[in-house]
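Peer 1: Pasted the sequence and its predicted model underneath.
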Protein chains: 2
Amino acid sequence: MQHRKPLQLEAFLPYRLSLLSNAISGAIAAVYGDKFAISMPEWRIMMILAEYPDISADEVCRRTKIEKSMVSRAVARLLKRHLINRDMDEKDRRRSILRLSETGLSVYDEVMPIARDYEAKLLSDLSAGELETFNDMIDRLMEKAARIEY
Amino acid sequence: MQHRKPLQLEAFLPYRLSLLSNAISGAIAAVYGDKFAISMPEWRIMMILAEYPDISADEVCRRTKIEKSMVSRAVARLLKRHLINRDMDEKDRRRSILRLSETGLSVYDEVMPIARDYEAKLLSDLSAGELETFNDMIDRLMEKAARIEY
DNA sequence: TAATATTAGTTGTAGATGCAACTATTTATC
DNA sequence: GATAAATAGTTGCATCTACAACTAATATTA
């Protein structure tokens, strides 16, 4: 029998979340992508380094959840464009110490307000309470998703 | 001045949604990926064809929001594995008519309950009202995201 | 009905992505 | 302290992805 009915794709939470996530991330990526030719992983690394200067690539991985080979290549690109600086840890010579360069900071300071503004516009129709509820549900679903085993 | 503070990556909605979406989609993708070596776009196409048999590749694009070259290649793979059938529209010979094959349906009928079950488990801690609120917010954010211009 | 535009689908290609293997260094164990 | 295990980071590679150019068929316009 063809034509399965319930749980259509359009009502399927994973699909809905994927669409929303892509729409939002894509809109912001268009800003830094068009203006500065920065990719999404590159931008996330810059955000983390703005918040936590002088951390290692490994800690960038942990904080961004970006896979280490991607971080390695993104760091290489950011270095080549002088958007970040890298020192080596004296005490552990495997370990790098990354931070935004002056240029990187200025790029960050130009892009970030736009990202912030986008987020603010996006959320402008939600009341403070609704936003809190929404964030809370995201946290709970994240927790739950991490626990479900198959 | 290094160390920018507010709106850390971890609190940034696009990032949070992206993590949640990847966690959920990834968990389900692991099911059909491991069991049947089906990719995410392939699975989404199968879901749409289960719901709407005998639609064209173009309509698959519209309904899944998957880019047409991906649909084309995914359809080719699904055809080669006999998971779907394709006829050509008599009235418009550019147009294909796609539907799940018997095998495709049986795969769908095996995977779908697991996906459903996963979704149910994921949402089991939310009350009916909370779920409705959550879905409503996703809809509103989708709408809003589509309207914001830059 | 001839010329043009639009639409459906395919294919070329460059770049992104993620796993696994690798090197170099440090830590743990005997 | 020598050997084994673990860790940080890089690189090879196969696959995925998306844009754009392309082919073929249909629709539109004159």
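Peer 2: In hand now; what should we look at? Residues are numbered from 1 along each chain as shown, chains lettered A, B, ... in the order given.
Peer 1: residues touching A:Lys144, list them.
Peer 2: Neighbouring residues of A:Lys144 by C-beta atoms under 8 Å, 6 or more residues apart in numbering or on different chains: B:121-122, B:124-125. C-beta: built from backbone N, CA, C; applies to glycine.
Peer 1: Not counting residues beside it along the chain, what's closest to the spatially most central residue of chain A?
Peer 2: Residue closest to the average C-alpha location in chain A (C-alpha atoms, centre = their mean): A:Arg44, at 4.4 Å. Nearest non-adjacent residue to A:Arg44, counting by C-beta to C-beta, 6 or more residues apart in numbering or on different chains: A:Thr64, 4.9 Å away.
Peer 1: thought that neighbour was touching B:Leu9?
Peer 2: Yes. Contact criterion C-beta atoms under 8 Å: A:Thr64 and B:Leu9 qualify, at 6.8 Å.
Peer 1: Give the other helices and strands that the top helix by length along chain A contacts.
Peer 2: With secondary structure taken from DSSP state H, chain A has its longest helix at helix A:13-36. In terms of contacts (3 or more C-beta pairs under 8 Å, 6 or more residues apart in numbering or on different chains; DSSP states H and E), helix A:13-36 is packed against helix A:40-51, helix A:102-123, helix B:13-36, helix B:102-123, helix B:128-147.
Peer 1: Tabulate the ones you listed (CSV), appending distance to DNA strand C.
Peer 2: Shown next, in CSV, are the helices and strands packed on helix A:13-36 (distance: least, C-beta to the nearest atom of the strand, whole Å):
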stretch, distance to DNA strand C
helix A:40-51, 5
helix A:102-123, 16
helix B:13-36, 8
helix B:102-123, 17
helix B:128-147, 19
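Peer 1: mind checking how far A:Arg95 is from A:Leu49?
Peer 2: According to C-beta to C-beta, to the nearest Å, A:Arg95 and A:Leu49 sit 15 Å apart.
Peer 1: Looking at those two, which is more packed in?
Peer 2: A:Leu49 (29 against 15; other C-beta atoms under 10 Å in any protein chain shown).
Peer 1: The closest residue to A:Arg81 other than its chain neighbours: neighbour count?
Peer 2: The shortest distance from A:Arg81 to any non-neighbouring residue, by C-beta to C-beta, 6+ apart, is to A:Thr103 (8.0 Å). Using other C-beta under 10 Å, A:Thr103 has 13 neighbouring residues.
Peer 1: Kindly report the same for A:Met112.
Peer 2: 18.
Peer 1: With A:Ile48 instead?
Peer 2: A:Ile48: 23 neighbours (other C-beta under 10 Å).
Peer 1: what do you get for the one 3 residues further on?
Peer 2: By the other C-beta under 10 Å criterion, the neighbourhood of A:Glu51 contains 18 residues.
Peer 1: picking up where we left off before, got the contact list for the residue nearest to A:Arg81?
Peer 2: A:81-83.
Peer 1: Show me what the host helix or strand of A:Asn85 packs onto, helices and strands only.
Peer 2: Taking DSSP states H and E as the criterion, A:Asn85 maps to strand A:84-88. With contacts defined as 3+ C-beta pairs under 8 Å, 6+ apart, strand A:84-88 has these neighbours: helix A:40-51, helix A:68-80, strand A:96-100.
Peer 1: In a markdown table: these, plus mean pLDDT.
Peer 2: Formatted as a markdown table, the helices and strands packed on strand A:84-88 follow (pLDDT from 0 to 100):
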| stretch | mean pLDDT |
| --- | --- |
| helix A:40-51 | 96 |
| helix A:68-80 | 97 |
| strand A:96-100 | 97 |
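Peer 1: one step back: and the pLDDT at the residue nearest to A:Arg81?
Peer 2: What the model reports as pLDDT for A:Thr103 is 96.
Peer 1: can you check the one 3 residues further on too?
Peer 2: In the prediction, the pLDDT value recorded for A:Ser106 is 96.
Peer 1: Let me know the distance separating it from DNA strand D.
Peer 2: Distance of A:Ser106 to DNA strand D, computed by C-beta to the nearest atom of the strand, to the nearest Å: 24 Å.
Peer 1: How about A:Arg95?
Peer 2: Distance of A:Arg95 to DNA strand D, given as C-beta to the nearest atom of the strand: 4 Å.
Peer 1: Backbone dihedrals for that residue, both of them.
Peer 2: Main-chain dihedrals, A:Arg95, degrees, to the nearest 10: phi -90, psi 130.
Peer 1: Pull the contacting residues for it.
Peer 2: A:56, A:58, A:88-89.
Peer 1: Save those as TSV, and put in neighbour count and pLDDT too.
Peer 2: Formatted as TSV, the contacts of A:Arg95 follow (neighbours: other C-beta atoms under 10 Å in any protein chain shown; pLDDT from 0 to 100):
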residue	neighbour count	pLDDT
A:Ser56	17	98
A:Asp58	13	97
A:Met88	12	95
A:Asp89	12	96
